[in-house]
Structures are given as C-alpha cells and as structure tokens.
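**Q** Give the three-dimensional model of this entry:
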Amino acid sequence: MAWTFPFSAIVGQDEMKQAILIAAVDPTVGGVLIFGDRGTGKSTAVRALAALLPQMKAVVGCRYQCDPAATPRTACSECPSLRAGARPKTHLVPVPVVDLPLGATEDRVVGALDLERALSQGVKAFEPGLLARANRGFLYIDEVNLLEDHLVDLLIDVAASGENVVEREGLSVRHPARFVLVGSGNPEEGELRPQLLDRFGLSVEVKTPEDLATRVDVVKRRDAFERDPEAFVKHWHKADAAVQKRIVAGRAHLPGVKAGDEVLEAGARLCMKLGTDGLRGELTLLRAARALAALEGAAEVQVEHLRRIAPSALRHRLRRNPLDDAGSSARIERALAEGF
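**A** Residues are numbered from 1 along each chain as shown. So this is what the prediction gives:
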C-alpha cells in the first residue's frame, strides 16, 4: 500500500497550506500556483490534499463523475440516458486529484479514439483522458513552468470554458472538464507563460526554513514517516480529520458569508495602488477572503481577511516596475502598510 504524508504533519509553510484549503472550500477561486525551492514540501502538500477532501456525489455509470444536481448545460452528453426518471442513481466517489505528467501526449490529456473497441468491434468510441478524470476535482502539474507550449494552450482554453472539446479520427466529443488547477515549480528552472499564470487564482512562495528548530522538526517527521508510514499516518489521522471537518463546515458556511462595501472598497483601493491589470485581481481577492472567512466560521468578510490573503491573490498579477527592484511580496506588504 502506498502511504501519503499527512497534510497536518507538514511543518510550517502556512501560506501554502492556507491557499490549498481555500481552494478546497471554494474551487471558483481559480487554483493555486506554488513556486519555491526544491524539497520544501510543494508536491507533498498537494498529494496530501486527496486524503482531506470529503467524498462527492456522482451519477452512477457516468465516466465524467457528473453531479446529480447538474443542469443539462453543465452535465455530459451521456447523462440523459443515465438520468431516466426524476432521481438518477448516485453514489459517493473520492474527489479526484489527478497528476498531469510533463511528458504526457495530447491524446493522453484530452482523450482519444478507443483503439481496442475500434479494432475488435469496429465501433468508434471515445477513451476519456486526464481532463475527464479531473472533472470536479483537482489537476496537479509538477514543474508546471516546464510544460510544453501546446499543452499550455490547451489547458488555458479548457480552464476558461470548463469544457473539453475533442475532434479527431471522425470523433466529435464534448464533455465537462471543471477542475481546480494546481501547479508547482522552481522559478530557477524557468518562468511560467503569462497567459497560464493569469489562470491561477492564488500564487504562493515557499522557501527553505532558515531556523534550526524548524529544519530539525521537518527531518524528524519525514524520517519517522519513512521508517513506519502506517504508524505515522495513524498518529496524524485525528489532526487530518479535524482539517477535513473545517473544509466541510467552510463549504456549508460559504454561501452565507457577506462582504460589505468597506471590504470591497479596500480591495479595489489596494489593487489600484499596486496597478494590477484588469479586475480579476479584485474578484479573486474577494473570493479568497470570503473562503478564508468561511473556513474560520466568520459571518462577514473583514479587512483583516483581505490583508492576510492579499499576497497570495495579487503577487503574480503585478507589472514589473524598473524603478522598484523590490519583489512582488515586498511591494504588496508595503502597500498594505500604507493603505490599511
């Protein structure tokens, strides 16, 4: 059995963990980009997410795990036959967390002709790809900055539309592909294309711990996990279960969380001060702050929620200023100090 390092056992990296939990509470935030040094727990945190997510309802027999409550517009073309009657058969399935390897072919990602059925039965049938498997879940790309350009273009289109369109070998297939995009990488190995960078709602910087106690704690926990993973996972099960309860409660609480004009004005003022392009920064800032408030059980978004989430929501949206050599995070912190 392959064991996964528990989410709660990750030492430090609070901003990264906060961003992942926000995306779990509200997928409309738009995904998470995690950039930083090698060996800082980026992929560990994402893979640990799968164990935290509560199961979801899906239509029995649907290859795309459609929501039983989905409208005909958002469901797949196969669902009408599976939804005979007012109440389709449903079952609980794990929320998918799908890895997209860097070397994956386009057919593997979007899906292709099912060759086995074509050869044995003479039937043209569609074999779903990774995008279909990731529907209603998370699509994870490690070293996302090294992803080939044609796959980047494809992901941009699907992320914008929430639908995957495949037309090849006489096939014409459309299916829902709504997922939270999560990417990680090392900035020293190359930058991310601006078009894809803009598709991530939150951007997180992770660094190697600089204090001795934290480094020792990281090594101790990793060593304990590798020596006896079953006992280690069992030890942290209660803490992970508590985090899962927070996610479930946050999702239930989210629709009722209000955001007053004071908060909206504060977010807009901050984005204007930083010179972010468009209004996507304000919208992401609001959604992330609302999800953070829901995660903490607050009835209303406060300016403090904006302050805490602003670096993650805005640092990848700033233009480079040749007259200011401070990094994006430093510029945001300075604007927060001056404006709030």
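**Q** if I look at the nearest residue to Leu192 once chain neighbours are set aside, how far off is Glu338?
**A** In this structure, Leu192 finds its nearest non-sequential neighbour in Asn145, 4.7 Å apart by CB to CB, 6 or more residues apart in numbering. Any C-beta I mention is one placed from the backbone N, CA and C, and that applies to glycine too. According to CB to CB, to the nearest Å, Asn145 stands 32 Å off from Glu338.
**Q** The residue nearest to Leu192 is in contact with Ser184, isn't it?
**A** No. Asn145 lies out of contact with Ser184 (CB atoms under 8 Å); the separation is 9.2 Å.
**Q** if we can go back for a sec, quick one: secondary structure of the residue nearest to Leu192?
**A** Of the three states, Asn145 takes helix according to DSSP: H, G, I helix; E, B strand; the rest coil.
**Q** That one and Gly39: what is the separation?
**A** Distance from Asn145 to Gly39, by CB to CB: 17 Å.
**Q** Ok, Thr214 next?
**A** 14 Å.
**Q** coming back round to it: so Asn145 and Ser184 - more neighbours on which side?
**A** In this view Asn145 and Ser184 are compared by other CB atoms under 10 Å, and Ser184 has more residues nearby, 25 against 21.
**Q** helix or strand for that one, which one?
**A** Assignment of secondary structure by DSSP states H and E places Ser184 within strand 180-185.
**Q** For that strand, which outside residues touch it?
**A** If you take CB atoms under 8 Å, 6 or more residues apart in numbering as the criterion, strand 180-185 is touched by 20, 23, 27, 29-35, 42-43, 46, 49, 137-146, 155, 159, 192, 199-200.
**Q** Mind checking which of those are in helices?
**A** Among those, the members found in helices (DSSP state H) are Ile20, Ala23, Lys42, Ser43, Val46, Leu49, Leu155, Ala159.
**Q** Reformat those as a markdown table; add neighbour count.
**A** Below are these laid out as a markdown table (neighbours: other CB atoms under 10 Å):
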| residue | neighbour count |
| --- | --- |
| Ile20 | 24 |
| Ala23 | 24 |
| Lys42 | 24 |
| Ser43 | 17 |
| Val46 | 23 |
| Leu49 | 24 |
| Leu155 | 24 |
| Ala159 | 20 |
